[in-house]
Structures are given as C-alpha cells and as structure tokens.
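>>> Mind folding the following:
(2 chains)
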Amino acid sequence: MIRVRFAPSPTGYLHVGGARTALFNWLYARRHGGTFVLRIEDTDAERSSWEMVSGIVDGLRWLGLDWDEGPDIGGPHAPYFQSQRLEKYRDAAARLVAQGSAYYCYCTPELLRQKRQAAEAAGGGWVYDRTCCALTPDDIAAREADNVPRAVRFKVPQGTTSFADLVHGPIEFPNAVIEDFVVLRSDAQPTYHLSVVVDDIDMRISHVVRGDDHISNTPKQVLLYGAFGSAPPAFAHVPLILGIDKKRLSKRHGATSVMEYQRLGYLPEAMVNFLALLGWSPGGDQELFTREQLIATFALDGISGGNAVFNPEKLDWVNQQHIQRLPTEELGRRLEPALRAAGLWSEDLLSVRREWFLAAIELFKPRIRTLDQFAQEARPLFANDLAFEADAVAKYLRPEIREPLAALSEAFAALDAFTATHLETTLRSFAESRQIKAAALIHATRVAVTGRAVSPGIFEMLELIGRDRAVERMRTAVALVTPLR
RNA sequence: GCCGGUAUCGUCUAGGGGUCAGGACACGUGGUUCUCAGCCACGGGACCGGGGUUCGAAUCCCCGUACCGGUACCA
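Numbers count the residues shown, from 1 in each chain, chains lettered A, B, ... in the order given. Have a look, this model is predicted:
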C-alpha cells in the first residue's frame, strides 16, 4: 500500500518548490492508487489554526491536488497538525532515553555556540562533543536537583548509515560526521527529525518524496527509524528549483507563490504540466499533458538528479497551449476573474451577449498567453474608454488619411450587413476607387476603433465592436486628426 | 573547512561504448498577412576539464573543477 505525504510548515503561502514536491507526491499516489496525506509541520508555532495554513491549502486546491487524509478531513491517523501531536513526540523521546538510544543534555545553547565558534575559528567543523553523554548518575542527579534545563540528544552509534534513494541511488554517510542531534528541546518541543520520523511511522508512510535539501537529514532519520524498531520508508529526494541565476528560487526572481500565478492569469492545469516537467521527464518527446495523462505516466525514476532552473517563458508557452486546448465556453468561464479585475465583466456575457462573448474569445484565443492578457488586449471590445497610443496615432492617423477615413466611416454607416466579409470588401473597393493603399486605411481604422497599432484582424474586430460604436469611434478619430491644410 | 548531491544547446530535457547526439522553450531567417500573435518551413546552438579502460568514451572508472544543498535546542 503506497502512502505518501506532503508536510509543509505553515509559512502562509505555497511556493512553487513546495507545489512541485506536493505534485510529485500526489501524482505518485494517484498513479498507484495510494493515499496522499497532508500534514502540517508546525512544531515551531505556539498555536496552529486552519487560517495559518490557508495559503498552502488554497494553493493545493487551486492546483487540484486533493488529499485523502489531512487536517480538515481527518483520517485514521489524526490529528494532522504536529502541534496537536506533541505528546507522541515526548513519549517517543522518553522511550529513546529509556532504552539508551538517547541521553539528556544539560549544555546551554550559549556554551554550544561558543564551542562551535571556536572550532570554526580553528578551521574545522564541529559535532557535539558528548559532554553530557559522559555524565555520571551523580552528575545527572545534581543537575536534576538544580532543575537545569535539559534537551534530549540522540546517541549516534559508530559505523556508517546508508539508504537507497530512488532518485540518486545508494547514499552513504560516515556516522562520525553526524553529531548527537537534539530530538527534544529543553522546552519539550520536538525537533523536526523526531516529529517527522514519529509521524511517518505512525502514519504508515511508505515513500518519502521531498526536496533534495533533506538528503543530509536523512541519515539521522534512518538512525531514528532503527532506534524505534521500524524499517525506514523509501526515499526519493527531488532536486531543487532554481532562479535564472542558479540560486535557490526566491522572491527577487519574481512570483514564487503559486497563488500569484493564479492572479497573473495562469491555468492550474498549465502550472501542473509545467511543474511536472521541471525535474521530471516521461522519457519521450511529449511536452503537453493533461492531469490524467500525467497520472498515467508518472514514475519516480524519471526524476532527474540535477537542480532545474525555473523558466517563465516556457511556463507562458505551456499556458498558451492549454488555453488553446480549452473549449471556448470553458475558457469563457475561466476568464471571469480576470475580466472582473479589469472591470469588464457583466453577467449578460453569459446570457444575451453569450454568442458575442464566445466570438470575442475565439478571436483572441490563439494570441494570449495568460488570461490577463485577454482582459488587456480585448479591452476595446468591452469598453469604450479608448486609450490612444501616441506612436500609433503619429504613425497611422496622418493628415492625408483624414478625409478618406471620414468617407469610409460613412460608407460603413451605410452598410446593411456589418460583418467581417462585407466590411473587408467595402474597405478594399473603397481603397481601390480612391487609389490609396488598403493597408493605410486598415491601419488608420485600427487605431481609430481600438486606439492601438496592434489587434486581431481588423474586420473581425469591427464586426464585434458593432456598427454604431465603430462608426462613432471613427468619426471621433477623424476629428482628432490634423486636417490637410 | 567537512559531509552529501549534480554536471548534454542560453533554459527544461531525451539518449547512452560506434547516433548526422533527438525534442521543447527562447533566438534568427523566410512564407502566409492589414499590424501583432498564431501557423508552416528552414537555421545557428551542447555532451565541464584531465587522465585511465577500450579497436572505439559524450556514455564506464579515477582525479580535478564548478554549481547546489547540509553542516542549529530551523524545517
């Protein structure tokens, strides 16, 4: 039975690295009919609440990564907040001490810091010197009598510790470089190593899929599994996501929260597709995947060993591809938030103006990379507050075009059928009769009705803008053009 | 410093003892065209370095280098 988990700390938001880790876990579980557990690692926090993890939960939900056990839905191993499981960790630490696998340490953090600094100044590394491991029963009794705060340290045995990583292969650490790490702090709070192992054992986790940065923690945890008499799970350490400068992805690289990508107009299925391919490959040449295809194809051994640079341009492309594959009607539904944000939404787009709305979407569908781009680029269709681009006006609304544009607007006004094909024949024959280039008229018309130098086909645009608005815009533009003296 | 990981076009990657080293994004050129996108065609662009094994190494081994991660009473 495959059981995996995603175990974030409640930092308030889900960053892309965490999202990908969650995705790999989720894909693995779904691929094999396993169980995906969400567990909140909040041992640091005084108190935990659903609010504190809402950023993470929102991100997971947006991406469509649903969990089978977790804080909100419960499960056989509840609770799923570590802050509500403290007794388990304290019991476990006590068991470790009782069986001789761990010992109390009365050293003050300040003393440890000094020793570490001194060792570093001498040019070497430092591991805990086992001062308290050598304490006699009398020493201990004296400290206890004085109520000296005590932490619990794991007693690392001699030898080597190894594990088979599903991504990297066998990895081995000499125990000499692993210090007697603290498992329970002097305030009785567990450290990460203890809580994660206790929970993973308790929750019957079969595969730990997590970031590469945990590789060097793993031997400590393997040792803990041994002390608890449990077989360790399988480990798969996935490489990190880097920024363009090959540094760990951070805010200065741009958006790092997945919810930011939602606001920016990315499709969750595109994000999932892109993230899946960042550090994982199905082996072939296929780049575009639906969620179902990813589930059917995913395997841990396709995860590459090296870190991957996050490439926003490729994300844009993937998003564009998913947008194009969306049925127009569905795309319309997805567009609502972006149009609302731009102040362009109205309910009748789904009722009386539905056909018009769908036609507008189809016109822009191949050329938008994000949902937000639709709101920006299709704005002249939805709103009449044209913002004229100075360059476009200077280039295309020249004095010599004033009179022809005026005449064309009247020809348009007189048209029976205001459709793209009629508009095109009208404009072209008009241009021919006047012996001016159709392109010049087209460009002038574009600027007149959109305010911009760039748009989809002008005749389709005109049809969607409609006769009244189009003619009015053209007349307004004519009035703006300096007359030919 | 020590420990660990990684190394194929700018980026994501496929492949792997004999290949024209493949694909995608990005980039360049041309075509379609009313602009921009899109689409189509074409193009430039990579096996970190040095040794070894071998008839033959980008592939296997060793060493180096670079980068990343860890080195906490953080997770």
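
>>> Where do the strands of the stretch 101-250 of chain A begin and end?
For the stretch 101-250 of chain A, the strands defined by DSSP state E, counting those that start in this stretch occupy A:102-105, A:151-154, A:160-165, A:169-174, A:182-184, A:207-211, A:234-238, A:241-242.

>>> now those strands in CSV, with mean neighbour count, mean pLDDT and distance to RNA strand B?
Heads up, the C-betas are built off the backbone N, CA and C, glycines and all. Below are those laid out as CSV (neighbours: other Cβ atoms under 10 Å; pLDDT from 0 to 100; distance: least, Cβ to the nearest atom of the strand, whole Å):
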stretch, mean neighbour count, mean pLDDT, distance to RNA strand B
strand A:102-105, 22, 97, 6
strand A:151-154, 25, 97, 4
strand A:160-165, 15, 94, 8
strand A:169-174, 12, 92, 5
strand A:182-184, 25, 97, 4
strand A:207-211, 22, 97, 8
strand A:234-238, 22, 96, 7
strand A:241-242, 22, 94, 6
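
>>> got JSON lines for those strands, with distance to A:Gly18 too?
Listed next are the strands of the stretch 101-250 of chain A as JSON lines, based on distance: least, Cβ to Cβ, whole Å:
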{"stretch": "strand A:102-105", "distance to A:Gly18": "31"}
{"stretch": "strand A:151-154", "distance to A:Gly18": "27"}
{"stretch": "strand A:160-165", "distance to A:Gly18": "20"}
{"stretch": "strand A:169-174", "distance to A:Gly18": "23"}
{"stretch": "strand A:182-184", "distance to A:Gly18": "25"}
{"stretch": "strand A:207-211", "distance to A:Gly18": "8"}
{"stretch": "strand A:234-238", "distance to A:Gly18": "11"}
{"stretch": "strand A:241-242", "distance to A:Gly18": "10"}
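
>>> so which of those gets nearest A:Leu335?
strand A:241-242 (28.8 Å; Cβ to Cβ).

>>> now the nearest residue in space to A:Leu14 that is not next to it in sequence: how far from A:Asp213?
Spatial nearest neighbour of A:Leu14, chain neighbours left out: A:Gly59 (3.0 Å); criterion: Cβ to Cβ, 6 or more residues apart in numbering. Computed as Cβ to Cβ, to the nearest Å, the A:Gly59 to A:Asp213 distance reads 20 Å.

>>> Likewise for A:Leu278?
Separation of A:Leu278 from A:Asp213 (Cβ to Cβ): 16 Å.

>>> Pick out whichever of those two has more residues nearby.
Taking other Cβ atoms under 10 Å, A:Leu278 and A:Asp213 do not tie; A:Leu278 has more neighbours (24 against 12).

>>> That one against A:Gly17, yeah?
No. Applying Cβ atoms under 8 Å as the test, A:Leu278 and A:Gly17 come out as separate, 9.6 Å apart.

>>> which residues sit in contact with the residue nearest to A:Leu14?
A:13-14, A:19, A:257-259 (Cβ atoms under 8 Å, 6 or more residues apart in numbering).

>>> if you set the cut-off to 6 Å instead, what comes out?
With contact taken as Cβ atoms under 6 Å, 6 or more residues apart in numbering, A:Gly59 is in contact with A:14, A:258-259.

>>> Tell me how many other residues crowd the residue of the stretch 51-200 of chain A at minimum distance from RNA strand B.
Proximity of the stretch 51-200 of chain A to RNA strand B (Cβ to the nearest atom of the strand) peaks at A:Gly125, 2.1 Å away. By other Cβ under 10 Å, the residues close to A:Gly125 number 9.

>>> For it, which non-adjacent residue is spatially closest?
A:Ala119 (6.9 Å).

>>> Is RNA strand B within reach of stretch A:55-75?
No. Stretch A:55-75 is not in contact with RNA strand B by Cβ under 7 Å from any atom of the strand; minimum separation 11.9 Å.

>>> Quick check: buried residues in that stretch?
A:55-60, A:62-63, A:65, A:67, A:69-71, A:75 (16 or more other Cβ atoms under 10 Å).

>>> could I get those residues as JSON lines with secondary structure and pLDDT?
Listed next are these as JSON lines, based on DSSP: H, G, I helix; E, B strand; the rest coil; pLDDT from 0 to 100:
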{"residue": "A:Gly55", "secondary structure": "helix", "pLDDT": "90"}
{"residue": "A:Ile56", "secondary structure": "helix", "pLDDT": "94"}
{"residue": "A:Val57", "secondary structure": "helix", "pLDDT": "95"}
{"residue": "A:Asp58", "secondary structure": "helix", "pLDDT": "95"}
{"residue": "A:Gly59", "secondary structure": "helix", "pLDDT": "96"}
{"residue": "A:Leu60", "secondary structure": "helix", "pLDDT": "97"}
{"residue": "A:Trp62", "secondary structure": "helix", "pLDDT": "97"}
{"residue": "A:Leu63", "secondary structure": "helix", "pLDDT": "98"}
{"residue": "A:Leu65", "secondary structure": "coil", "pLDDT": "98"}
{"residue": "A:Trp67", "secondary structure": "coil", "pLDDT": "98"}
{"residue": "A:Glu69", "secondary structure": "strand", "pLDDT": "98"}
{"residue": "A:Gly70", "secondary structure": "strand", "pLDDT": "96"}
{"residue": "A:Pro71", "secondary structure": "coil", "pLDDT": "92"}
{"residue": "A:Gly75", "secondary structure": "coil", "pLDDT": "96"}
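
>>> quick one: which of those residues is nearest A:His237?
A:Leu65 (19.7 Å).

>>> Could you report the separation of A:Gly457 from RNA strand B?
Distance of A:Gly457 to RNA strand B, computed by Cβ to the nearest atom of the strand, to the nearest Å: 3 Å.

>>> My error: substitute A:Trp280 in the last question.
Note on A:Trp280: its distance to RNA strand B, by Cβ to the nearest atom of the strand, is 7 Å.

>>> list the contacts for A:Pro174?
Contact partners of A:Pro174, counting by Cβ under 6 Å, 6+ apart, are A:Thr160.

>>> Then A:Pro483?
A:Pro483 is in contact with A:Arg402, counting by Cβ under 6 Å, 6+ apart.

>>> sec struct for it, please.
Following DSSP: H, G, I helix; E, B strand; the rest coil, we place A:Pro483 in the coil state.

>>> Got phi/psi on it?
phi -70, psi 160 (degrees, to the nearest 10).

>>> A:Ala390: neighbour count?
Neighbour count of A:Ala390, defined by other Cβ under 10 Å: 7.

>>> roughly how far apart are it and RNA strand B?
15 Å.

>>> which one among the buried residues of stretch A:55-75 gets closest to A:Ala394?
Within the buried residues of stretch A:55-75, the smallest distance to A:Ala394 is 43.5 Å, found for A:Trp62 (Cβ to Cβ).
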